[in-house]
Structure formats: C-alpha cells, structure tokens
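Engineer: What follows is a predicted protein model with its sequence.
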Amino acid sequence: MKIWVKFLFASILGVVLGFLLPADNTGLMSWLSWLAGLAVRIGRYTAPAVMLFSLTIALYELRLDKAFWGVFFRSLFLVLAVSLVVITLGQLAVILFPPERIPIMIEEQQAAPVIEMRSLIDQLIPSNMFTALTGAGVYLLPLYVFVFVFAIGLSYDKTHTKSIIDIIDSLSRIFYHIIAFISEVISPALIVLAAYWAVRYREVLSSGVYKSLLGFLGIFSLILCFVIFPAFLCLFRQRQNQSVLWPWKEAYASLGPAFAAFFSGDMNFTLPLLLRNNGENLGVKRRINAPVIAFFSTFCRVGSAVVAAISFIVVIRSYSSLGITTAEVFEIALQTLALSFLLAGCPGDAAWTALAVIGVGYGRGFEAGYLILKPVAFYLIAIGTFIDVMICGYASFAIARMKGLQDDKPIRTFI
C-alpha cells in the first residue's frame, strides 16, 4: 500500500476518533496530548542523524563536481522569488476576499513568543563545534553549519579522506533505510496526531467564531499548493501525454509529506519523510535532495509567515473601525518576508511565533492581538507547516530539474 494511502486512512481514523472522544475528560485529554508529543518525537528521532550524513555526502559530491555554488544561488533566488510571490498572493487574497470579523474577546495576557536572534546566532558558533551534534534536534541550523565546514575539510585531498567518505556514505545509506522503515510504520503516530488535532478543531467549530478565517486559510493553502505551484512547475518539464495527472503529478507525489505536515504541524517531523519522498517519488538525486531540503526548511518558512500575516490583518480589521491602510499592509509584508528567513528555531510553532512577533513589531495597541487567535493556534501552525513542506518538495524538484539531476518516475512506482 502506498504511503500516502496509509497516511490518508490514518488521518481519517484519527479525525473520526477525535470527534468521538469526550473533550471534557481532562485525564483523557492529558494522555492524548502526551501521546501526540511522543508521536512528534518519534518522527523527529532520525531527522538530525539522517540530515547529518546525507547532507555531508551531498555537499562533498557537489563540491567535487564544482556544482555547489550553482545550486546555492539557484536555491537563494528561488527562496526570494517564492517568498515574494506567496506573500503577495496572501496579502491580495485577504484584502480582496476578507474573512468575517472576529468578535471582540478578552484573553488573559501571556508572555509573547519571541525569536531570540542573539541566542540563535550564538548557537551557530559555539565554543566547541561538536556541540552542534549534541543538540535537542529542534534547531538544526547549527548542525548544517557543522556539516558545511566538515564537507569543506573532506574535499581537500581525496587520498587522505577516502576512508572517511566511504564511512559517511555508508552511514547515509543506513539511515536512509531506517527512515524508510519508519515512514512505513509511522501511521499509528499519525492516528494520534490527527485525533488530537480533531479534538481541538471540534471545540473551535462549536464556538462558531473562527469558521470564516479557517475556511479562508484552508482554501488559500489548497489553491496555492495544488493549483498555483503545480502550474509553475509545468515550466520545468514537458507535457507527459500518458499521465492523466499532468500537471499535478508532483502534487500527487507529495501527498504523504502533506498529510504528515498538516497533522503534526512540525517541520522536523516531516524532514525524513520529505527526504525519502523527494528521492523515490520526485526522482531528485541525493546530491540535490538533502541540501535543498536543508536550505528551504531553514530559510523559506514563508508558508507559516504568510499564515501569520493573513491572521494578523484579520485581527486588525476585527478590532479597528478604520481598517488597514496600504502602507500598513506593506509594513506587514516586509515583516513577513523577514520572518520567513528566521523561523528555523520554531519547527513546531512557526506560524504562532510569527503572529506574535508581527503583533509586537506592528504595535499601535495590537501587541497582544495574537491572543484572540489562541484557540486556533494549532490550525494556523498546521496550515503554515503544510505550505512550507509543499514548497520544500516542489523546490527540490525544480532545482534538480534545472541542474539535470532529476529522473522522471512512473506514477506506478511511487511509494
């Protein structure tokens, strides 16, 4: 059975279970919350190890082929282009088709999530570079910096480094087989995550307050990921008349990571699944796959950022009779663009953190405006992570195609 079908059945079963469970049973909800956290940790478990070895060998091969800078600049250009397009589309959509206002509510003041820039930078350059290998597996950029430095060292003399390269190559393949096994058996974890998501979603639906915003974000994300992006990808390959899924072949190929991203809301949970999916469904070669996934999962969290921006504009319109000016929309767009590069340290709550940071940066009495959306924080995070993961997969395909490092895979061979 294909992985996306397993994930679909697991998601449906989890959602049905979530709608049947008694939400007022505090003990049961406590256990469900704990199980959901455990499920996310299972998904994250192999992410640092597989990225460590896969990225090391990929960067070594790119440097050996003198293709590293070509891949880097293409990735950088695509990050900027995708970020600008997504932010523009999000801003236009919420202005032209505004969701209904949210009724004024009073929420208890809490400490706002923040992005500690100095702390993030300090972690990139620790006193001991091996510290990057002993982290909690949440903020992976220090690990990527370590890998980059290490890969440079491996390239200096193949005679002396061949034995180490062979070991790293073997470890990369070993951990790839480990994530392949985990991706086949992780469906029960997705049942738990979907159930926990559904319990919270049921409570939100019963309030009737956020239906318009939730519907808007759902429709926007589906059109973006299954219409606009696939149409863009048509530029990178010729039409395949034998495929009835054209031009949605890449979208179909990415359904597995899409389900995992939406119900987990965690980027690191999805990384191993994305690594395998891109290689076996999208046909992306190893030397492109790991570097592009690492780059985009770190510096292109524009999906989470634009969800936060859209939500904040809805908050402003709900609480201000004056509405929002063009200058303010542009200001929020600039904040959103900057935040899309800075959310690597928030793999499991990127959209929620971005919403709080936008509110603080915007000011004008809206510093705590994000709190009225606290009941739907899980949904904002889910939609944002879903968009981020789809962008990551599509970008890997596009860059591999540009570099001639992608093989077309028949749909019947998809995992």
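Structural biologist: Everything's here; your move.
Engineer: From here on, just use CA atoms for contacts and neighbour counts.
Structural biologist: Fine.
Engineer: what about the most far-flung residue of the chain relative to its centre, which helix or strand?
Structural biologist: In terms of distance from the mean C-alpha position of the chain, residue 159 ranks first, at 39.2 Å (C-alpha atoms, centre = their mean). Assigned by DSSP states H and E, residue 159 falls within helix 158-185.
Engineer: Which positions within that helix qualify as buried?
Structural biologist: Neighbour-count burial for helix 158-185, counted by 16 or more other C-alpha atoms under 10 Å, picks out 165, 168-169, 171-172, 175-176, 179-180, 182-183.
Engineer: so what does that helix touch, helix or strand wise?
Structural biologist: Helix 158-185 makes packing contacts with helix 47-64, helix 267-280 when contacts are defined by 3 or more C-alpha pairs under 8 Å, 6 or more residues apart in numbering; DSSP states H and E.
Engineer: Need those helices in TSV (columns: mean pLDDT and mean neighbour count).
Structural biologist: What follows is the helices and strands packed on helix 158-185, written out as TSV (pLDDT from 0 to 100; neighbours: other C-alpha atoms under 10 Å):
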stretch	mean pLDDT	mean neighbour count
helix 47-64	93	22
helix 267-280	94	26
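Engineer: Of the ones you listed, give the one that comes closest to residue 411.
Structural biologist: helix 267-280 (10.5 Å; C-alpha to C-alpha).
Engineer: Beyond that closest one, next helix or strand please.
Structural biologist: helix 286-299.
Engineer: distance between the helix or strand just after that next one and the chain's centre?
Structural biologist: For helix 286-299, the following helix or strand on the C-terminal side (DSSP H and E) is helix 302-319. Computed by C-alpha atoms, centre = their mean, to the nearest Å, the separation of helix 302-319 from the middle of its chain amounts to 18 Å.
Engineer: and helix 302-319 with helix 286-299, angle?
Structural biologist: Interaxial angle of helix 302-319 relative to helix 286-299 (axes from the mean of the first three to the mean of the last three C-alpha atoms, to 10 degrees): 20 degrees.
Engineer: what does the following helix or strand past helix 302-319 contact?
Structural biologist: Going down the chain from helix 302-319, the next helix or strand is helix 326-340, by DSSP H and E. Under the criterion C-alpha atoms under 8 Å, 6 or more residues apart in numbering, residues 83-84, 87-88, 91, 299-306, 308-309, 354, 358, 361-362 lie in contact with helix 326-340.
Engineer: before we move on, what about stretch 139-148?
Structural biologist: 48, 52, 55-56, 59, 123-125, 129-130, 132-133, 294, 298, 344-347.
Engineer: mind redoing it with 6 Å?
Structural biologist: Under the criterion C-alpha atoms under 6 Å, 6 or more residues apart in numbering, residues 56, 124, 132, 345 lie in contact with stretch 139-148.
Engineer: Could you pull out the buried residues of it?
Structural biologist: So for stretch 139-148, counting by 16+ other C-alpha under 10 Å, buried means 139-144, 146-148.
Engineer: What of stretch 30-43?
Structural biologist: In stretch 30-43, counting by 16+ other C-alpha under 10 Å, buried: 32-33, 35-36, 39-41, 43.
Engineer: Among those residues, which lie within helices?
Structural biologist: Those of those mapping onto helices are 32-33, 35-36, 39-41, 43, per DSSP state H.
Engineer: Kindly indicate which of these lies nearest residue 233.
Structural biologist: For those, the nearest to residue 233 is residue 43 (28.7 Å; C-alpha to C-alpha).
Engineer: ok, now how distant is that closest one from residue 298?
Structural biologist: Relative to residue 298, residue 43 is positioned 18 Å away (C-alpha to C-alpha, to the nearest Å).
Engineer: before we move on, back to that, of all the ones in helices among the buried residues of stretch 30-43, which comes closest to residue 383?
Structural biologist: residue 40 (16.6 Å).
Engineer: Skip the chain neighbours and tell me the closest residue to the closest one.
Structural biologist: Sequence neighbours aside, residue 269 is the residue nearest to residue 40 in space, at 6.0 Å (criterion: C-alpha to C-alpha, 6 or more residues apart in numbering).
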